[in-house]
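# Fold the following.
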Amino acid sequence: MKHGKKYNSVYEKVDRFKEYGAVEAIEFLKTNSTVKFDETVEVAVKLGVDPRKSDQAVRGAALLPHGLGKTIRVLAFVQGEKETEAKEAGADYTGGEDIAEKIKEGWLEFDAVVATPDMMKVVGKLGKILGTRGLMPNPKVGTVTMDISKAVSELKKGKVEFRVDKGAIIHAPLGKLSFDSTKIVDNAKAFFEAILKAKPSTAKGQYVKKVIFSSTMGQGLKVNVNDLK
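I've put the predicted structure just below:
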């Protein structure tokens, strides 16, 4: 893939043999941003697990203390009193069969989905649509619950779900590049803590092998893991 002069000039500044400090990495991304929009800071964590084994499929969620810097549109599958509860907590859309039919027709104007357990019979029929987009509610990450108020409010504040991919890597956003560097690092530490808590008991050897910070259009920088503990 051919890159432009700006990209290549930044690429040449990166020390490929260095483990950057967490704040140092963010400052580098800020200083060397070559685009006019507010980029998202992203993290990629390489794990020492075998995702082909079901007992090593790392999955969880992290509540980022400073949010993501964007509005999260939450859809809640609820009925009765729980619908009122969801709306009061800030849910953007609520409903049941009616919402499910809209989704089947192609409506996808939401970023996260929660549901009460009794509504999973409705949500389950949307597995092929929601599942492929990483939007399927799951009790393991707190998006299938009777405490719908907590689930909605956490998502609105910046709760991030994660799941290891086939390459044993976990990807997630950490906020906007315009955030104060220390706030991005705070978010990174909260995310890293959640990954450590999700460590499978069957995982042997080095669990976290590498951490990379990058921005939407920027370079990837290897970060010292100790800076995130």
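# residue boundaries of the strands in this protein?
40-47, 59-63, 74-77, 93-95, 112-115, 159-163, 169-176, 208-215, 221-222 (DSSP state E).
# hey, which of the ones you listed is tucked in deepest?
Neighbour counts (mean count of other CB atoms under 10 Å) averaged over each of the strands of the chain peak at strand 74-77, with a mean of 28. C-beta: built from backbone N, CA, C; applies to glycine.
# And that strand, how far out from the chain middle?
Chain-centre distance of strand 74-77: 18 Å, with CA atoms, centre = their mean, to the nearest Å.
# Can you convert the strands of the chain into a markdown table and add a column each for mean pLDDT and distance to K183?
Listed next are these as a markdown table, based on pLDDT from 0 to 100; distance: least, CB to CB, whole Å:
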| stretch | mean pLDDT | distance to K183 |
| --- | --- | --- |
| strand 40-47 | 97 | 10 |
| strand 59-63 | 93 | 14 |
| strand 74-77 | 98 | 23 |
| strand 93-95 | 97 | 29 |
| strand 112-115 | 97 | 22 |
| strand 159-163 | 93 | 15 |
| strand 169-176 | 96 | 7 |
| strand 208-215 | 96 | 14 |
| strand 221-222 | 96 | 18 |
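# can you list those in CSV and add distance to K150?
Shown next, in CSV, are the strands of the chain (distance: least, CB to CB, whole Å):
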stretch, distance to K150
strand 40-47, 25
strand 59-63, 10
strand 74-77, 12
strand 93-95, 16
strand 112-115, 10
strand 159-163, 10
strand 169-176, 21
strand 208-215, 29
strand 221-222, 35
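# which other helices and strands contact the helix ranked longest in the chain?
As assigned by DSSP state H, the longest helix anywhere in the chain is helix 181-197. Applying 3 or more CB pairs under 8 Å, 6 or more residues apart in numbering; DSSP states H and E, one finds that helix 181-197 contacts helix 22-31, strand 40-47, strand 59-63, strand 159-163, strand 169-176, strand 208-215.
# Next, the angle from the first one to strand 40-47.
Orientation check (axes from the mean of the first three to the mean of the last three CA atoms, to 10 degrees): helix 22-31 against strand 40-47 gives 140 degrees.
# avg pLDDT for helix 22-31?
What helix 22-31 shows for mean pLDDT is 95.
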